[in-house]
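K.L.:
below is the sequence, then the predicted model.
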Amino acid sequence: MGKNKKKQIKRASDHSIKKTHEPTAMELAFRNAEVQRKKDDTATEVIQGNKPPIPKHPETSKPLESIKVASQSNTTSVKPVSAKSVSAPSPASSNKNAPIAPQLTQKKATMPKGASPVLKNPTPVEMGLKPVPDKTLVLENVYTHIEDAKSGQGKNLKQEISSTWKTQVHTGNYKDESDIVIGFDFGTSSSKVIIQDSILKIAYAIPFGQLDKRLACSGNNYLIPTKIFINEDGSISLCGGDHSYEHLKNHLMDDPDRDIFKATNNSLSITVSEIAIAYMAKVIRLARDWFLKHTKKIYEKTHIHWHINLGIPSKDYDDLKRQKVFQTIAMAAWRVSSLNSKINLTDVKNILHEASEYINTDANNINAEEWLHPDYVSTHPEVIMEVVGYAKSPLRANGLYLLVDIGATTLDAATFRINSHDGEDVFALLETNVEKLGALRLHSQRIETMKNSMQQFLQQKNIINPIDPLPSCAYYEVKIDKEEVTKGDENFLQQCSKTIGEVVKKTKKDRDPHSSVWEDELPVFICGGGGRLPVYRKIINELGLRFKKRWSYFKGFTIKEIPKPEQLDAPDLPPNEYDRLAVAYGLSFTSDEIGEVIPKSKINNIIQQKVVSNIDDKYVTKDMC
C-alpha cells in the first residue's frame, strides 16, 4: 500500500498574465437594465439565448424597457463551461480581476460623448431580493453592529482589495517551490485555520483577534465565528451589517441549495452554498494575507503551491455526494478569494458554477494560475484529523481508540484504529454516531425547561380572588425550580450517554471484538469546546464504569490528552486549549502526510464463531460398555 500520488498540474510559465472574466447572462441583463434606466444610449450590451426576466425599477416598481440586442456581429454568446474543455478565458475579454463590487451611487456621473459607461453589479435591493422568512435559517436584522461596520470596515475593505487577494510574495521571479497547506476547520459555531509548510515542518495558527479584535471569538484569538453579515447594498462582512447569518455548516449539510435570500418573483436567489463560499473566501483572504506578511522573508524567492483541506463529520465520510459538495465549495472559495476585487455575491454565483465543472476536469485543462487542482482540495473526517497530531507525537501507540467531540451543536462519537503500513499511517474508522447534542443544545434545553416552569408558575399566580386586595410585589417574584432544570439535564445527558454507548457496544460486538483493550482499558479522547464541561465528562466516566461492571476483565475508560505539537506556532495558546485547534492542525498536513483513512463502509463486521459442544460426549452410552 503506497502513498497516494498526485496528478501533475500544468503550470503557466508567465505568472504576470492576468486572467479574464466573461460576464454571465444575468449580469449582462442587469447591466443593460441600469444603462436603460439612466437613459444612456451610448453603449449597449448583448445577450444571446434565453433572456432573463426584465427587472423592475427599485423605486417605481415599474418594468424597465426591454433590453436592446445588438447586431449579430456584436453578439456575445454566453454558454456554460464544458467539463471536457475548460480553459482560461481569452485575454481580449473583460478583466475578471477588475473591481466590480456592488455599489449604490447617489449622483449620476457625467461622461464625454461616445464614452462607455462604468457598469456596476446589481445589489440585492435592485434585484428585489429579500430574506427568506424561515426561523431555522437564523437570518435576522442586526442594528447593534452597523456603526462598527461603517466606522471600521472601510479600512478593512480597502486593505482587502490592495493585498489580501494576493497568493504569492514574489512578483514573478523565484528560485524555489514549496507546498503550503491551509487546514480549514469549518466549525458550527467557530472556524479555525492553520497554515503549514510541509517541507519546513512549521505550522502557523492564524490569530484573527490580532488582525481585528471584532473578528475573533471572546477569549481566543484563534477562533473566528462562523457567521457572516449581508448589507442591503449587497456588501458582505465578517464584523457587522444589516442581516446576520450563522449556523452555515449545519444548513450546508442539511440542504446546500436552500435559498436564504429570494426575489418575490422567484427569478433570483442567494443559496446556502453561495453564502458559505463568501464566508470561506473572506476567511481565507485574511489567513493567507497574514501568513504571507508574517513569512515574507521566507517566501520572497519561493513559489507557493497551495493546498486546502476541509474537515467533514465522520458519518459523512462515506457520503461521496456530501464530500463533493464540500470540495466544490472549497475550490470556489479559493478562486473568489484570489479575485482582485471586493468579494460580491455575483462573482460567487458565477464561480460556483465554474467550480462545479472544474471539479471533474482533466488535469491538463486546469488553469493553475486561477484555480487549485481538485487533487489539491481535499476533505477529511474531523475525528481522524483531531488525532493526527497525536499519531505523529512520541506518545503515539497503535490500537483501538474512542473519540468524543462535543461541539456547539453536535456530539460526534467514533471508534477507530491507528496502525501503520510501509511507513504510512493508516486510520480505520470502525463505528460512528453524530447527534445534535452539543453544548448549545444543552443550553436550549435548559431555557425550554425554564420557560415551561415559568408558565406553570404564572398560571398559578394568575388565580386570585377578584374581590380581595391585590397581593404585594413579593407575590410576583419568579422562582426557578432548580430540580426541574436538573431533571431536564438528566434526560438530555442520557441521550448523550446512549449515543456514545451504542458506538462502544457495536465496536465490541461486531467491529473489533478481538482487540486487547476489552481485557484492559479503552483509550478515550474528549475534544471540542463542550468537552471541558463537567457534565459531559461525568457521563463519559460513568459510562466507562457501567461497561466495567458489565464486561469481565474490562477496566473501563482511560482519558487521553492530545498534546500541543512543538512545531505549531501559536504563542499565546495555552496547552489545555490546543484541542480547539486539533482538527485544523491535522488538516494542515498534505494528504500524503496524513496517510490513508479507511471509511467505515470499507470495513466488514467480524463474525464471531459460536462454540457448540456435543452433549453426547459427556455421557456414557451402552455402546461404550
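P.N.:
In hand now; what should we look at?
K.L.:
make it CA atoms for all contacts and neighbour counts henceforth
P.N.:
Fine.
K.L.:
just checking, what packs against the longest helix seen in the chain?
P.N.:
Secondary structure of the chain per DSSP state H: the longest helix is helix 482-506. On a contact count with 3 or more Cα pairs under 8 Å, 6 or more residues apart in numbering; DSSP states H and E, helix 482-506 meets strand 411-421, strand 424-435, helix 439-461, helix 534-550.
K.L.:
how many residues are close by residue 218?
P.N.:
Using other Cα atoms under 10 Å, residue 218 has 13 other residues around it.
K.L.:
one step back: for the helices and strands packed on helix 482-506, which one sits closest to residue 590?
P.N.:
Closest of the helices and strands packed on helix 482-506 to residue 590 is strand 424-435, at 12.8 Å (criterion: Cα to Cα).
K.L.:
hang on, the earlier thing: any chance of the helices and strands packed on helix 482-506 in CSV, plus distance to residue 236, mean neighbour count and mean pLDDT?
P.N.:
Formatted as CSV, the helices and strands packed on helix 482-506 follow (distance: least, Cα to Cα, whole Å; neighbours: other Cα atoms under 10 Å; pLDDT from 0 to 100):
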stretch, distance to residue 236, mean neighbour count, mean pLDDT
strand 411-421, 31, 21, 95
strand 424-435, 32, 21, 94
helix 439-461, 26, 15, 86
helix 534-550, 37, 15, 95
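K.L.:
which sections of the stretch 251-400 of the chain are below the confidence cut-off?
P.N.:
By pLDDT under 70, the low-scoring segments of the stretch 251-400 of the chain are 264-267, 361-365.
K.L.:
surely residue 191 is in contact with residue 206?
P.N.:
No: the criterion here is Cα atoms under 8 Å, and residue 191 misses it with residue 206 at 10.7 Å.
K.L.:
and the closest residue to residue 544 other than its chain neighbours, how many neighbours?
P.N.:
Excluding its sequence neighbours, the residue lying closest to residue 544 (Cα to Cα, 6 or more residues apart in numbering) is residue 556, at 4.7 Å. When counting by other Cα under 10 Å, one arrives at 23 neighbours for residue 556.
K.L.:
thought residue 556 was touching residue 521?
P.N.:
Yes: Residue 556 lies in contact with residue 521 (Cα under 8 Å); the separation is 5.3 Å.
K.L.:
now do the residue nearest to residue 544 against residue 329, distance only.
P.N.:
Residue 556 is 42 Å from residue 329, where distance means Cα to Cα, to the nearest Å.
K.L.:
what helix or strand is residue 203 on?
P.N.:
Under the criterion of DSSP states H and E, residue 203 resides in strand 202-205.
K.L.:
hmm, back to that, list the buried residues in the longest helix of the chain.
P.N.:
Judged by neighbour count using 16 or more other Cα atoms under 10 Å, the buried positions of helix 482-506 are 485, 488-489, 492-493, 496-497, 499-501, 503-504, 506.
K.L.:
following element in sequence after that helix, please.
P.N.:
For helix 482-506, the following helix or strand on the C-terminal side (DSSP H and E) is strand 522-527.
K.L.:
what packs against that following strand?
P.N.:
If contacts are counted by 3+ Cα pairs under 8 Å, 6+ apart, strand 522-527 sits against strand 399-406, strand 557-560.
K.L.:
can you tell me which of those is most buried?
P.N.:
Mean neighbour count (mean count of other Cα atoms under 10 Å) peaks for strand 399-406 among the helices and strands packed on strand 522-527, with a mean of 22.
K.L.:
quick one: that one to helix 439-461, angle?
P.N.:
With axes from the mean of the first three to the mean of the last three Cα atoms, to 10 degrees applied, the angle from strand 399-406 to helix 439-461 works out at 40 degrees.
K.L.:
quick one: contacts of strand 399-406?
P.N.:
When contacts are defined by Cα atoms under 8 Å, 6 or more residues apart in numbering, strand 399-406 is touched by residues 383, 411-419, 437-439, 500, 504, 515, 517, 522-531.
K.L.:
run the last query once more with 6 Å
P.N.:
In this structure, residues lying in contact with strand 399-406 by Cα atoms under 6 Å, 6 or more residues apart in numbering are 411-418, 438, 523-528, 530-531.
K.L.:
turn the helices and strands packed on strand 522-527 into TSV, including distance to residue 599.
P.N.:
Putting the helices and strands packed on strand 522-527 into TSV (distance: least, Cα to Cα, whole Å) gives the following:
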stretch	distance to residue 599
strand 399-406	15
strand 557-560	23
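K.L.:
of those strands, which approaches residue 286 most closely?
P.N.:
Each of the helices and strands packed on strand 522-527 has some distance to residue 286 by Cα to Cα; the shortest is strand 399-406, at 27.3 Å.
K.L.:
for that closest one, which strands pair with it and how are they oriented?
P.N.:
Next to strand 399-406 in the sheet, as set by DSSP bridges, lie strand 411-421 (antiparallel), strand 522-527 (parallel).
K.L.:
with just CA atoms, put it into CSV.
P.N.:
What follows is strand 399-406, C-alpha atoms only, in CSV (Å, rounded to 0.1, in the frame of the first residue of the first chain):
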residue,chain,number,x,y,z
GLY,A,399,-4.5,0.2,18.6
LEU,A,400,-8.2,0.9,19.1
TYR,A,401,-9.5,4.3,20.4
LEU,A,402,-12.7,6.1,21.2
LEU,A,403,-13.1,9.8,20.4
VAL,A,404,-15.9,12.0,21.6
ASP,A,405,-16.1,15.5,20.1
ILE,A,406,-18.7,17.8,21.8
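K.L.:
how far off helix 482-506 does it point, in degrees?
P.N.:
For strand 399-406 against helix 482-506, the angle by the same axes, to 10 degrees is 150 degrees.
K.L.:
okay, the angle between strand 399-406 and helix 534-550?
P.N.:
Using the same axes, to 10 degrees, the inter-axis angle of strand 399-406 relative to helix 534-550 is 150 degrees.
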